[in-house]
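mind looking at a prediction? Sequence and model below.
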Amino acid sequence: MLIHINDPLDKQATQTLSKLLPGHNIVSQHLETADLIAKMPEIDVLVIRSATKATKEIIDAGTNLKLIARAGMGLDNVDQNAAKARNIKVINTPGANSLSVAELVAGMILSIDRFLVRSTTGMIEGKWEKKSLEGFELSGKTLGIVGFGNIGKLLSKILSGFNLKVMVYDVFEISQETLKEYNAKQVSLEEIYSNCDIISFHVPKTEKTTHMVSDKEFEMMKKGVIIVNASRGGIIDEPALLRALESGKVFGAGLDVYEEEPPKSEVYQKLFKMPNVILTPHIGAATVEAQWRVGMDIVDRIVKEVKNF
């Protein structure tokens, strides 16, 4: 059996996989699309992260493929319909990197509120902009969390010490016990948009969530709102976000994910130049701890599946 790791895992995780599945051929080597397609007939288990897109062409080429293991949470880079049609199981690691993403979002919110990036850039350029960098306290503000899963809950907990009011939206009904635990109130999307000073998005990318925030939604928001997206690129209509930033409707934005990755189009070039925007290259899960958890979690899941083949 060939287990092909196309996107590298944590070193300890790879070693553990070899130890737990002796006698199996485990190869860790990144192959570009054409080479991966050529290799697919030999592969029984394909392990990927976000760098590899398991397209229909790749999946259909895997005549012996039994399992696709996505080390990470999002599955938008896996053609799940193609996998289902071939009866190929798809697994992932929800929750393993949640804390790292939530911490990044909290950092973005604080950085935007207090002009940390602009302050640093100004100091490097020899500017002393003390009088023009009057920020805001988080205390007393209302935080809106769209998608109250693992990351949303952790973000609420991390920011709980700042005396924020927390409103949450989720497609599922949240138990009163959970809402009480996180001192949160479940409301509609419209209430999130019209009442919150800070809105952070933590939803998967689906047909319904693609561009769920565009000009209409920005119009509903309070003037001076802060927007953060560290979930999936395409949740926010980025040209609409640019317009909202330019008009002053949005005070600042933090983006870790983009509809185009790496971002190169004209809209991104304009966003890059805005002093009230924080942009990071999809590093939400890029911590030593998260990489270890993701690696060990996917290894555990792979071992269980392989033993059932």
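Thanks, I have the structure now. A quick note: this is a predicted structure, and the numbers were derived from the prediction, not measured. Residues are numbered from 1 along each chain as shown.

which residues touch the closest residue to E137 other than its chain neighbours?
Spatially, and ignoring its direct neighbours in sequence, E137 is nearest to D113 (7.7 Å; C-beta to C-beta, 6 or more residues apart in numbering). From N, CA and C alone the C-beta is placed, and that goes for glycine too. Taking C-beta atoms under 8 Å, 6 or more residues apart in numbering, we find D113 in contact with G135, F136, E137, L138, I226, G252.

which of those are buried, as a ChimeraX select command?
Buried members of the contacts of D113, identified by 16 or more other C-beta atoms under 10 Å, are gathered into one ChimeraX selection as follows:
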select :135,136,138,226,252
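
farthest-apart pair in the contacts of D113, please.
When those are compared pair by pair using C-beta to C-beta, the farthest-apart members prove to be E137 and G252, with a separation of 14.8 Å.

coming back round to it: between the contacts of D113, which is nearest G149?
The closest of these to G149 turns out to be I226 (C-beta to C-beta; 20.9 Å).

mind checking how far that closest one is from K249?
Going from I226 to K249 by C-beta to C-beta, to the nearest Å gives 11 Å.

which stretches of the stretch 201-309 of the chain form strands?
225-229, 250-255, 277-279 (DSSP state E, counting those that start in this stretch).

and the angle for the first one with strand 250-255?
Counting by axes from the mean of the first three to the mean of the last three C-alpha atoms, to 10 degrees, strand 225-229 lies at 10 degrees to strand 250-255.

what's strand 225-229 in contact with?
Under C-beta under 8 Å, 6+ apart, the answer for strand 225-229 is 105, 108-109, 112-113, 196-201, 213, 235-236, 241, 244, 249-257.

likewise for the second one?
Applying C-beta under 8 Å, 6+ apart, the set of residues contacting strand 250-255 from outside is 105, 108-109, 111-113, 218, 221, 224-230, 236, 241, 244-245, 271, 276-280.

what about burial for these, which qualify?
Of all those considered here, the ones buried according to neighbour count by 16+ other C-beta under 10 Å are 105, 108-109, 111-113, 218, 221, 225-230, 236, 241, 244-245, 271, 276-279.

and the helices in this protein?
11-20, 33-39, 56-61, 80-85, 98-113, 116-124, 150-158, 176-181, 189-195, 215-220, 238-247, 266-272, 288-306 (DSSP state H).

for the fifth one, list the C-alpha coordinates in PDB.
Provided in PDB are the C-alpha atoms of helix 98-113 (Å, rounded to 0.1, in the frame of the first residue of the first chain):
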ATOM      1  CA  SER A  98      -8.400  26.400  15.900                       C
ATOM      2  CA  LEU A  99      -6.500  28.100  18.700                       C
ATOM      3  CA  SER A 100      -3.800  29.400  16.300                       C
ATOM      4  CA  VAL A 101      -6.400  30.900  14.000                       C
ATOM      5  CA  ALA A 102      -8.400  32.500  16.900                       C
ATOM      6  CA  GLU A 103      -5.200  34.000  18.400                       C
ATOM      7  CA  LEU A 104      -4.300  35.500  15.000                       C
ATOM      8  CA  VAL A 105      -7.700  37.100  14.700                       C
ATOM      9  CA  ALA A 106      -7.500  38.600  18.200                       C
ATOM     10  CA  GLY A 107      -4.100  40.000  17.300                       C
ATOM     11  CA  MET A 108      -5.500  41.600  14.100                       C
ATOM     12  CA  ILE A 109      -8.400  43.200  16.000                       C
ATOM     13  CA  LEU A 110      -6.100  44.700  18.500                       C
ATOM     14  CA  SER A 111      -3.600  45.800  15.800                       C
ATOM     15  CA  ILE A 112      -6.300  47.600  13.800                       C
ATOM     16  CA  ASP A 113      -7.900  49.200  16.900                       C
END
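
burial count for K273?
K273: 8 surrounding residues under other C-beta atoms under 10 Å.

per-residue pLDDT, it?
According to the per-residue confidence, K273 scores 92 in pLDDT.

any chance of the helices of the chain in TSV, with distance to L143 too?
Supplementary listing: the helices of the chain in TSV, determined by distance: least, C-beta to C-beta, whole Å:
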stretch	distance to L143
helix 11-20	34
helix 33-39	41
helix 56-61	40
helix 80-85	32
helix 98-113	8
helix 116-124	19
helix 150-158	7
helix 176-181	14
helix 189-195	10
helix 215-220	17
helix 238-247	19
helix 266-272	23
helix 288-306	23
